[in-house]
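sequence unknown, structure follows:
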C-alpha cells in the first residue's frame, strides 16, 4: 500500500512490521470523530485562504460522502490500513483524486489523532455520565421505597447497628455522585483542541484555531504545541475516574453476591440476569455481579498500562503513545458495560425485607444505645462501654438478645438502667434513633433523598 | 495495655496480633490533625449540652496541653499503642482522669480517623500545590530567558523541527498546570467532614455537625454515614493526581539525563546536585534525576495498592481500610520530595545553547518548510511531501544539509523552488516561522509566558 | 561527611540532595550481609595477592569487630550516611585507618550492593519458605481431623455440592505448595554471585570469584558484568511469587470473614486474634483476616513499583535501581507477616461442624447426583440435566429439599427413578460418592493428606 | 438459544446479559484445545464403560469432524454462543443428535475450560520459548562478531568504562536466558490435568484421570478438585514471566532508540523496520522499538488485572475467573509479537563501530585504570581514587583526555606514575584489561559466548 510518508525510503516496510505497527483494528471506531475533525479543518483552511473556498467545499463534500458510505456500511476498512486516519484519506482520494492531498496541509497525524481521540472521549465520557445517572435514579427510587426497611448494618462484616436499606443503597448514590463530579472535572481537560499544533512545533500557515475549536465544540485551544501532541493526561485522568466507578461497582457486586447466598437470603436476583450450571441443575448464579467484580481488574490494568507507557517518555510525540487507545477503550467499554449491567440487574432484583428484619433480632447491634443511655445519665463513655460489654457477655451466657433482657437483669449490671431502657433496645427504635445529620433514621434518609433528587435534576451534571 | 474495647473479651490480644494490627508507626504523624478534630468535637458537645460547658472547656484545655507536649517533644508515643487516636486519648486521660472518657461520646474511631486523615491531606495537598507553583515559577522564568534559544525538537527521539528551548520548557509548565487543576478539583472532595457519622449509622445525640465543619474549615458535612466511614475515594483520587505529577517529573528527568550525556551535551548539572562514583573518579552522575525517575514506581505502586485494597470491599468500615494511610503517605511524601528536588536541580542547571544550536545544523529538520513552500505554490501537500523526500535523499547523498543546497540543486528536484526558498531553510527562520497559536515562534512563546504568569499570580490556585 | 567519591567535585552536595539520595533508612538491615560479603572479598584479595595476607587478615578482623559492635548495639548508624555500605566502611576506617581503604579494591558499590541484597534475600526467601511450611502443617493436621466434616461446597458463592471441610482446607495446602515450588525455583536465580563485576565491566585485578562464591554459599558466579550490576530480575521474580502467596492468603481471609458472620456461623475466631470496637461493646471483629486481605495491595503495589522502575531502563547501573530495596522489603515483610499471622489465627479458630452440616440440608446440592443417576440408567447427560431442573422446581414449589421428596414424587418427574434413588440423595452419601481422584470423598482426602505429608517431610523443599 | 442449563429457569436470559456474559469473542481460539480435551475425555469414558465403546467411538469421530470443519473454515462460530465449549458441543449435536449429550458426563465446564486453557497455554509457552531462542541466537551470533568492537560502557547514562559491543549484547542474552528458565519452571505448574474435578468436588463416576493425562501429555493430575477449578496461579505465573520478557525488551528498545539519534549515531535501523512521517519528509522513525517499549504497559496491565481479579475470591469457581483469558491472551500475544519483532529489527540493524570508537576517545572512562595502577603500586584504593579525581580535573582544565596527558603531566599529580602508565590509558587496552571472570575483555566474552552456545544447543530448554 502507498504510505503517507514513503518519499525518502528505499525499501518497503516489512510485512510483519506493517501488522505490528497498524492500529486500525483498535482506532477504527474513531472514523466519525476523525471526519468531523477533518471537516472543521478543511472549512478553516478555506476561510483563511490556505486553500480556495472551492477546494474547501469539495473536500467537505467528499468527507461527508465518505462519512455516509461508512455509516451505510458500503465501505470496509482495509485491514492492512495503517490507521483510521490514513484510511479515511484514502477513501477521500478515491472520490477526489489529488485534491484530497490538500486536506493534510498544516496538520500532522500527531495533532489529528489526538483531536479525534478527544472528540470521541468527550462523547463517551458524557455517555458514561448518563449511564451513572440511570443507576443513581434506580438507587434513589429504591431507597425511597426502603426508607423504613431495617437490616443489619455491618462493620468488619459483623453486625454493628441496624440501618435502613434505603440508607445503605444511598451510600452508593454518593459514591457515584463523586464519580460524576470527577467526570465533569476531567471533561474540562479533555475539551481543549490540539489541532493546529502540527507535528510538534506549530505551523507557518496562518491558521484560525479558535474557529475550528468553535465548530467542534471545544472550550479552547491548547497553549503549547509540544505538549499538545505528547499529552495523554486526559486518558490517565479518565481511566482514574473509571477505575473508581468500577471499584464502587465491585463493592456493590460483592454485597449482592453475599446477600444472594442462602445464609443471608436478603436478595433474589431475577432469572433474566442470572445463569445456571452445565452440571448442577439447581444452580442460579449471580454471574453478572461476579463478572462486574472480576472486570474491575481490566480497568485497573488499563490504568497501570497507560501509566507504564508514559513513564520516562521524552517529548514530544513518540510511537509508544499509539497504545493509548488500547488502554482507553478497554477501560471505557468495560466501565460503561458494567454500569449498565448493574442497573439492569438491580432493576430486576427482589429484596427480602423479612429476612433482613429477622437478621437484626438478637444480634446485639443495639449495644451502643445501651452505652449511650448510660452516658446521658452521666457516665463517661469509656466506662459505659465497659459496663455494656459486661451486659453483652451476660446476655450471651443466657443465649438471649439485649432486647430480651428484663429490667431486673439489666439492673444487675448497672443500677443506672431505668424502665425507659427497654423501649430503646427495640431494633426499629435503634434505627429511628440515629437522627444525627447523615444518619440512618428514616427522616434523615428522606432528607438525603431530597438532596439527591435535586442533584439528579440539575442539568450540566 | 488497656484497650478501648476490652469489655466483652475474655482473653487478651496475642502479642503478635498487637504488633500486626497496630498502626501508630504509620499514623503517628496525624497527631496534630487528630487533636484539632477532637477540640472541635469537644467544643460542639459542650455547645449542644451533651457534656457540660465546664467539661468541654477542661477537655479542650487538656487536649491543648497534650498538643503542646507532643510539639515540645516531651512525650514519646508508646510503640505498643494501637494507633495515634487511642494514644492521644491515653495522654489526655493522664491529665484529666475519667473525664477524658467523655470526649469519645457520639463518635467512633471510624469517623474520627477519617476526619484526621482528611484534615492532614488537605494541608498536604495545598503544600504540594505550592511545591508545584515553585517549579512552575522556575519554568516560566527560564522559558522567558530561553525564548530565542534554538534546539532540536524531537518526535520519535529523532530530530523533527527546531524549537525554542523556552517553548520546550513551557510544555512542562502546562503539564503541572493540569496537575494543579486536578489537585484543586480533588480538594473539594477531601474537604467534607465525616465526623458525626459515628461507627456507621449516625448517632442519637443531637449533634451540630456544621459547627464542627466550620471550626475545622470543611466546606460541608458528608451526607451518608455508611459512606462516610467507608469512603476512601479521596485517597485514590489524590494518588491518581500524584501519579500524574511524578509521571511528568519522570519525563522531564529522562530528558535531563539524556541531555547530560556527552553525546548530547545540552545540559550541565551542578556539582551540588550530582554525585560521583566509588570506583570511577571521573564520574558526575545525575542521581537526582535518576531517583525521581525511579520513584515514579512508588506512587504507581501506592495507587495500585489502594485500588487493590478497595476492590470488592463491602460496606461499611472494614479493617482493610487501615492500610489507606500507608499508601497515601508513601505517594504523598514521594511526590512532594520529587517535586522539590526537581526544582532544586533545575535551579542549579546550566543549559548549553551553543551545543543545542549546533545540533540543529544540517539535521533536515527544515524539510517540512520546503514542503510547505511547495504547497503555497499550489502543489497538494501529499505530492509536496514526496518531492521533498526526494530532496532529502539528494542532500544525504551529497552529505550536506538542506540549507547547504544551492538554488540550482533545489531546482533539479522541482522547478517550483524560487530564490526565496534559501532564506526560509535557515534553522532560526524555521523556528520563527511557526507562528500558529501555541507554536514555537518566540512571539507565540511570549504570549504563552504571559498567560502562564497570569495563572501563577491567580490566587486560589 | 566525607564521600567515597569527592575527588573531582568542587562544590559540596546540597543538603536536600543528601537526604533525597540517602538510603540507609532502608538498607540498614543489610549490615550483616554487607559485612559477610566484605569478609569474603577481603579473604580472596589476600589469597590472590592483590593485598597481602596480613592486610587481608587485619581487614577481616576489623570487619568482624564492626559486626560485633553492630550486633551488640554499641554503634548507631549515622542518619546522614549515604548507605549501609559506606557506613560499614566508615566504621572499619575508625578501627583500621587508611588500611580500610584497601577493602574496596577491585569492587564497586554496584556489585557490592547487589551481592548483599542477594545474600539477604536468599535467607529471607528460605524463612518465608519455612513460614509457609508451618501454615501447611496446620492445614494438613486440621484437614485430617475434618475429613468427614460436611459443609456446603460453593461455586459462584452458591451452594453447589457438599464437600468435606478437610478437602476445602487442603485446597489451600496445594496453593501454598505451588508458592513453595516457585520460591525454590526463584532461589536458583537469586543464588549467583555478582561480586567481581566491579562497576560494570569487570576488573583488571586477577580475582578468584569462585572462591568468594563458595565462601558465601552461592551456586556460581554471574556470567556478564554489565548484566550483573543492572539485573533486578530476582527482585521482580521474588515479588511475583510473594504476590501469589498473599493473594492466596486474601482468598482464605475472605472465607474466614464470611464464615465468621452470624449468617454463616461456620467459624469462631479466638478472642486473642480478634479486636473490639471503640463504640460498639458487642463487637468481635476479624481484624487480622481483614488486614491480611487489605495488605495484598502492598505486595501488588511493590511488584508494580519494581516493574515501573525497570521499564525502559538502559544498561548498566542506574541510580533508579536503588529503589529496588524499598519495593523488595515492603513485599517481603508484608508477605512474611501475613503468612505467620494467618497460621496464628487458624491455630486459634474453632469450626462449627453443626452449623456447616445444617447448612447443607435441603440446599439442592444433591441435584447433580440425581442427574448422574439418570445417566447411569442410560439417559444422555444433557437430557438428565433438564429433567432434574424440573425436579428442583417441583421441590421448591413444595418448599422441601430433594432428599425430602418421596419416591412417588420423584417418579412424577421421571419414571426412571427407582427406590435406590432415595439413599443417594442424603448429603453425606453425596459427599462420599465423589470418589474420583482428587475428589472430596473422605477416602480420597486421606490419599491427598498422605501425599501432602510426604511433601512436607521432603527436605530441601 | 438453548442453554446448557435452562431446566429450572422460568425466564429467558436478558439479551444484554447474554452479550455481557458471553466469552466466545475471547475464547474462540481455544477450539482446538477444547476438542482435543473432549476427545480424550470421550475415549476414557468409553474405556471405563461410563459410555459404551461404540458411543465413545461415534463421539470421537464427531469431534474430529467438527475439528476438520473449523480448520477448513466451513463453520462459523455463532456470535451469540455463550463460549467456545458450548459452541463445540452444539456443532457436535448437529452431527450426532442426542448422543452428543453424553460427552459432558462426569465433567463440568469448570474443569473443561481450565483444561483447554492449560493445553493452549502449554503450547504457547513453548512457542514463546522458541521465539526467545531465536532472539538469543541473533544475540550470540552478533556478539561473536562484535567481541572486539569498543563502545562506551555507561552507568547513570554517563560514560563509565569502555566495553565491547559483544559484551553489551550478551548482557541481554542472559536476561532472556533467565526468562527461559522461568518459562520452563512455570511449565511444570501448567502441565497438570484438572479434568475429572467436575464442578468442584469430583464425581461419582469411576474415571481414569491418568489415562486422560497421558493422552494429552500432562505430567500428572491435580490433587484437589476445589483447587483445580479455582486455580489460576499458572496464569499469574506466566504473566509474571512475560512481563519480565517485555521489560527486558523495553530496556533494549530504549537503547536502540537512543543509539539511533544523530547525537549517538551508534546504530542505523533498516528502512524495512522503520517508518516515516506524514508531515516531515526527512524522518526515519524507530517505531518498532517505540511500540515494543510502549507495549510493556499491556503486559503489566494484564498481570495487575489478573491479580485484581483473584484478590479475595472465595472458593471454588466464580464467574470472575472467566476474565482470566482476556488477561492471559493480552499478555501472551503482546509478548510473543514484541519478541519476534525485536529479532526482526535487530537482524536488519547496522551498528556503526566508528562512531562507537570515537565516542570513547577522551571520555575519561580510563580513569579507573589510573587509580588501579596506583593501587598496584601500594596506594590504598580510596586514596588513589582521590588522586585520580585530581588528574581528571587537571585534564578537563586543559581540555584533553587522560590518554593525551604526558608522563610529566601525570607525575605533576603523583610521582608514583611511571612510563608504563601511558599504554594502559589507551581505550582498547582498558577494555582488554577487564579480564576478571564475566568481564568485558574479548577473551572473557569468548568464554561467555561458548557457554551461551551450549545453553542454546541444550534440548529441553
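Right, received. Where do you want to start? All values reported here derive from a predicted model rather than from experimental measurement.

how much space separates residue A:316 from residue B:169?
13 Å (C-beta to C-beta, to the nearest Å). For glycine as for every other residue, the C-beta is placed from the backbone atoms N, C-alpha and C.

try residue A:374
From residue A:374 across to residue B:169, the span is 66 Å (C-beta to C-beta).

so what's the backbone phi/psi at the residue in the stretch 51-200 of chain A that chain C sits nearest to?
Distance from chain C to each residue of the stretch 51-200 of chain A (C-beta to the nearest C-beta) is smallest for residue A:156, at 3.7 Å. The phi/psi pair for residue A:156 (degrees, to the nearest 10) reads phi 60, psi 30.

where does the nearest residue to it once chain neighbours are set aside land on pLDDT?
Leaving out its chain neighbours, the residue that sits closest to residue A:156 by C-beta to C-beta, 6 or more residues apart in numbering or on different chains is residue C:285, at 3.7 Å. According to the predicted model, the pLDDT of residue C:285 comes to 93.

residue A:316 and residue B:169: which has the busier surroundings?
Comparing residue A:316 with residue B:169 by neighbour count (other C-beta atoms under 10 Å in any protein chain shown), the higher total belongs to residue A:316, at 29 against 26.

for the residue of the stretch 101-250 of chain A found nearest chain B, which non-adjacent residue is spatially closest?
Checking the stretch 101-250 of chain A residue by residue against chain B with C-beta to the nearest C-beta singles out residue A:202 as nearest, at 2.0 Å. Among residues not flanking residue A:202 along the chain, residue B:439 sits closest, at 2.0 Å (C-beta to C-beta, 6+ apart).

the residue nearest to residue A:156 pairs with what?
Under DSSP bridges, the beta-bridge partners of residue C:285 are residue C:275.

hmm, it is touching residue C:277, no?
Yes: contact status for residue C:285 versus residue C:277: in contact at 6.9 Å, counting by C-beta atoms under 8 Å.

quick check: the residue of the stretch 51-200 of chain A closest to chain C touching residue C:290?
Yes: contact between residue A:156 and residue C:290 holds when scored by C-beta under 8 Å: they sit 6.3 Å apart.

now do the shared contacts for the two.
A shared contact of residue A:156 and residue C:290, defined by C-beta atoms under 8 Å, 6 or more residues apart in numbering or on different chains, is any residue touching both; here these are B:318-319, C:257.

for chain A, what's the longest helix?
helix A:109-145 (DSSP state H).

follow-up on the earlier one: overlap in contacts of residue C:285 and residue C:277?
Taking C-beta under 8 Å, 6+ apart as the contact definition, residue C:285 and residue C:277 share the neighbouring residues residue A:155.

which residues sit in contact with the nearest residue to residue A:261 once chain neighbours are set aside?
The shortest distance from residue A:261 to any non-neighbouring residue, by C-beta to C-beta, 6+ apart, is to residue C:157 (5.9 Å). Taking C-beta under 8 Å, 6+ apart, we find residue C:157 in contact with A:257-258, A:260-261, A:286, A:290, D:314, D:318.

read off the pLDDT value for residue C:157.
The predicted local confidence for residue C:157 is 96.

over to it: give its phi and psi.
Per-residue torsions, residue C:157: phi 60, psi 20 (degrees, to the nearest 10).

also residue A:401?
Summarising the backbone geometry of residue A:401 under the convention degrees, to the nearest 10, its torsions are phi -80, psi 170.

correct me, but it touches residue A:367?
No: using C-beta under 8 Å, residue A:401 is not in contact with residue A:367, being 10.1 Å away.

for the one helix or strand residue A:96 maps to, give me every contacting residue.
Secondary structure from DSSP states H and E places residue A:96 in helix A:84-96. Residues outside helix A:84-96 that contact it (C-beta under 8 Å, 6+ apart): A:3-4, A:23-24, A:27-31, A:34-35, A:38, A:58-59, A:62-63, A:65-66, A:69-70, A:75, A:77-78, A:81, A:100-101, A:103-104, A:109, A:112-113, A:116, D:278.
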